[in-house]
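>>> compute the structure for the input listed below.
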Amino acid sequence: MGRSYSLSARIFDTKTGQLKWISTTNFRYIPGKTTNFAIRVDPVSQREKRQHKKLSYQCGQNIATIELLGKFVKLHYQDSAWMLTKVESASGNKYANQQVVYWSKGKQAMIQFTGQGAIQCILEESLN
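Numbering: from 1, shown residues only. As a prediction, the model looks like this:
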């Protein structure tokens with residue numbers, strides 16, 4: 001079987017950066033087989049709005065910004081961004097996709113790209 005992807009949507013206000021709409025389910029996309037699809041989005045609840053926070057970490061000479069989006073985070077690092085899904089962790093909070101893992105506990109965090117060593121980070125501030 002070929003590669004498939006799980007698609008979801010988050011729509012942000014371009015002026016304020018506030019999360020406005022979010023998909024409640026993921027859509028399975030199979031390249032070459034899926035031709036048409038729709039992703040339903042609903043207005044963000046007050047609970048989800050409260051969960052949307054931004055954190056800034058010092059990672060060596062670089063800054064990483066994390067947007068907390070419920071069971072997802074958006075990692076901004078070195079002019080790139082990745083959406084990560086919450087995964088099981090023995091301790092702390094862990095999010096991952098096929099390219100990168102982000103883990104945090106207290107003021108400590110770690111970013112690790114596939115095939116590379118871990119980057120240690122320290123929380124600088126909450127941006128909300």
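
>>> what number of residues lie near residue 18?
Using other Cβ atoms under 10 Å, the number of residues around residue 18 comes to 11. No exception for glycine: its C-beta is placed from N, CA and C like everyone else's.

>>> got the contact list for the residue nearest the centre of the chain?
Nearest to the mean C-alpha position of the chain, counting by Cα atoms, centre = their mean, stands residue 73 at 2.4 Å. Residues counted as contacts of residue 73 (Cβ atoms under 8 Å, 6 or more residues apart in numbering) are 66, 67, 83, 84, 86, 95, 102.

>>> tell me which element the residue nearest to residue 77 when sequence neighbours are not counted is part of?
Leaving aside its sequence neighbours, residue 77 sits nearest to residue 64 (Cβ to Cβ, 6 or more residues apart in numbering; 4.6 Å). Assessed by DSSP states H and E, residue 64 sits inside strand 62-69.

>>> repeat for residue 74
If you go by DSSP H and E, residue 74 is part of strand 72-77.

>>> so what strands line up beside that strand?
strand 62-69 (antiparallel), strand 80-87 (antiparallel) (DSSP bridges).

>>> what comes into contact with stretch 109-127?
With Cβ under 8 Å, 6+ apart as the test, stretch 109-127 has contacts from 53-60, 62-66, 75, 77, 98-104, 106-108.

>>> if we go to 6 Å?
For stretch 109-127, the surrounding residues in contact (Cβ atoms under 6 Å, 6 or more residues apart in numbering) are 54-59, 64, 99-103, 107.

>>> for this protein, what spans make up the strands?
5-7, 10-12, 19-23, 27-29, 41-43, 53-59, 62-69, 72-77, 80-87, 93-96, 100-105, 108-113, 118-126 (DSSP state E).

>>> on that earlier part again, out of the strands paired with strand 72-77, nearest to residue 10?
strand 62-69 (6.4 Å; Cβ to Cβ).

>>> which parts of that closest one are buried?
Within strand 62-69, the residues that count as buried by 16 or more other Cβ atoms under 10 Å are 64, 66, 67, 68, 69.

>>> on that earlier part again, of all the strands paired with strand 72-77, which one is nearest residue 28?
Closest to residue 28 of the strands paired with strand 72-77 is strand 80-87 (Cβ to Cβ; 14.3 Å).

>>> lovely, talk soon.
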